[in-house]
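Participant: Show me how the following folds:
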Amino acid sequence: MYEASLAEGFLFTDLYQLTMAQVYYRLGVHEQPAEFDYYFRSYPDYGKHQAGYAVGAGLDWLLDWMESTAVTDADIEHLRTLKSATGDPLFALDFLEWLRRNGDFSGIDITAIPEGRIVHPNVPVVVAVGPLVISQILETSLLNHLNYPTLVATKASRVSEAGVGRPVLEFGMRRGPERGTNAGTRAALIGGADFSSNVGTSFTTGIPSKGTHAHSLIQLFLAKGQSELDAFRAYADVFPDDCLLLVDTIDTIESGVPNAITVFEELRRSGHVPVGIRLDSGDLAYLAIQAARMLDDAGFSDTSIVLSSNLDELHIWQIISQIRSEAPSYRVDPDHLIGRLSYGVGTRLITSQGDASLDGVYKLVAIEETSGWKPAIKVSESQAKIPNPGRKQVWRLYDARGTATADVMGTADESIEPGEPITLHHPVIPTSMRRLPAGAVSEVEALPVPVMKGGRKLHPSPTIDELRQRRTADLERLDPGVRRLINPHVYHVSLTDSLWDMKIGMVRKLMGE
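Facilitator: The predicted structure follows:
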């Protein structure tokens, strides 16, 4: 039997977090203050196309989980049953008793780049500071709460951009990762989807749910010896002011659209305004053109046309390109047609098809000793996996146009002022530097803000509209080349001289150079 209270509570973590915690306890460093950075190493790469930015999501649900979660007696009793390879208890009683008394997140402080904002690789999106053991145990849940939503929010933003501002409906609940779909739906709404068919999550986020009907409605009538037109009339009778009909069950052009027009005319005569049609198969661009022509001729030039069927940002971009090219030859105004389209995007959005995981990581970067905070680092054969050590600050620099030109990490005691020259180092490639002369930077924005103190949220939960506004504001200040769907321009993420020197010095010391 699945018990959410056990599976999704304090034990919503990996076993190795708890075994490391016991090691820290035995060493007597378990309550030593530590700092961990959460960041991701690269943007989603979908194969034929790549993201040039990401949209941070999942933070508020993480903070809610931390506030409401603490170890329970049932958790401790379960840990007591775990055995080592020799059959001895895996966890000692004194450690479990300490965990029983201290197993919550009340000692954790978090600063973060606010949810909904544009974020970039290697930049700390969330920084957790607190007792070493509890900060360590937090890792798995934090990654789970942030990686997938950020992935979906990024995909949704690209879909919205490809749709040139037309409504996007998130339809992925049936294809998503079980209850993780709820987090995916919320992330999609943050990232650019206007509505979702997911009724429950739409309710909790304050966004009305949207949807039409399935083919089974028409199939039922056909199986009972009736017609597609009968099915459409039944739907219109129940929803006369919300009538949006799926027209591809039999033949879109020869049956579906003509029958929809018949029902729309009946609705109009009775004083109702039909909403539109949905196309769910075939050459969507061609069918949209033909459907628009037929609807226009019948006097329904303002009814909407919803497109669905394995859409993503690239498919939407191709559909719009095809409409711009072909519509005039059928006496259809392409701009008017594009302006009446909506997009139902399901599987490819909720699964982030093409790149199904974000390489987000959570790394120890500093530990507090009696003499103060000491930076921590690991060395890897892959330079991209060497974290940026120590307590840091993060700034976003804007150029003379007011466009974001770089995210910069520096040491905790540094400052960057507009108008001053600055040397920026690539976080991984030693020989790659960029020099910004005096006057090149018009604005310096500190990105992280405190969001949790002593395990308690510092701010009310933001609304979806507030999160969308953050995303939109950041996108408007992002270079169009970075926003391209294919081969986006590389956004600069950099280190200051001081942080670069500290990083290289620590690596050389560890390597014995």
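Participant: If we ignore the residues flanking it in sequence, what's nearest K378?
Facilitator: P387 (6.4 Å; CB to CB, 6 or more residues apart in numbering). Bear in mind the C-beta positions are built from the backbone N, C-alpha and C, glycine included.
Participant: Correct me if wrong: that neighbour contacts V365.
Facilitator: Yes - counting by CB atoms under 8 Å, P387 touches V365, with 6.2 Å between them.
Participant: just how off-centre is the helix or strand that contains L229 within its chain?
Facilitator: L229 is part of helix 228-238 when elements are defined by DSSP states H and E. Centroid separation between helix 228-238 and its chain, computed with CA atoms, centre = their mean, to the nearest Å, is 38 Å.
Participant: Partner strands of the next helix or strand after it and their direction?
Facilitator: Using DSSP H and E, the helix or strand that follows helix 228-238 in sequence is strand 244-246. If you go by DSSP bridges, strand 244-246 pairs up with strand 276-279 (parallel).
Participant: Relative to the whole chain's centre, how far out is the next helix or strand after the strand it pairs with?
Facilitator: As assigned by DSSP H and E, the chain's next helix or strand after strand 276-279 is helix 284-297. Chain-centre distance of helix 284-297: 34 Å, with CA atoms, centre = their mean.
Participant: for this protein, longest strand please?
Facilitator: strand 360-369 (DSSP state E).
Participant: quick one: average confidence on that strand?
Facilitator: What strand 360-369 shows for mean pLDDT is 97.
Participant: Could you pull out the buried residues of stretch 87-101?
Facilitator: Across stretch 87-101, burial judged by 16 or more other CB atoms under 10 Å covers 91, 95-96, 98-99.
Participant: next one: stretch 478-490
Facilitator: Buried-residue list, stretch 478-490, by 16+ other CB under 10 Å: 478-479, 482-485, 488.
Participant: and what of stretch 46-64?
Facilitator: Residues of stretch 46-64 classed as buried by neighbour count (16+ other CB under 10 Å): 46, 49-63.
Participant: Widest-spaced pair of those?
Facilitator: Taking CB to CB as the measure, the buried residues of stretch 46-64 span a maximum distance of 32.8 Å, between H49 and L63.
Participant: got any ranges where the stretch 201-350 of the chain has weak pLDDT?
Facilitator: Under the criterion pLDDT under 70, no range of the stretch 201-350 of the chain is flagged.
Participant: can you do 90?
Facilitator: Along the stretch 201-350 of the chain, segments meeting pLDDT under 90 span 212.
Participant: which residues in it form helices?
Facilitator: Using DSSP state H, counting those that start in this stretch, the helices of the stretch 201-350 of the chain run over 215-223, 228-238, 257-269, 284-297, 313-326, 334-338, 347-350.
Participant: now the fifth one against helix 284-297, angle please.
Facilitator: It stands for helix 313-326. Angle of helix 313-326 versus helix 284-297, following axes from the mean of the first three to the mean of the last three CA atoms, to 10 degrees, is 50 degrees.
Participant: Identify the residues contacting helix 313-326?
Facilitator: 48-49, 155, 158-159, 161-164, 284-286, 288-289, 307, 334, 337-338, 343, 345, 485-486 (CB atoms under 8 Å, 6 or more residues apart in numbering).
Participant: Tell me the buried residues in it?
Facilitator: Buried residues in helix 313-326, counted by 16+ other CB under 10 Å: 313-317, 319-320, 322-323.
Participant: Equivalent analysis for the third one, please.
Facilitator: Of the residues in helix 257-269, 257-261, 263-264, 266-267 count as buried by neighbour count, 16+ other CB under 10 Å.
Participant: before we move on, what about the second one?
Facilitator: Across helix 228-238, burial judged by 16+ other CB under 10 Å covers 228-229, 231-236.
Participant: End to end on stretch 320-337, go ahead and measure it.
Facilitator: End-to-end span of stretch 320-337 (CA to CA, to the nearest Å): 9 Å.
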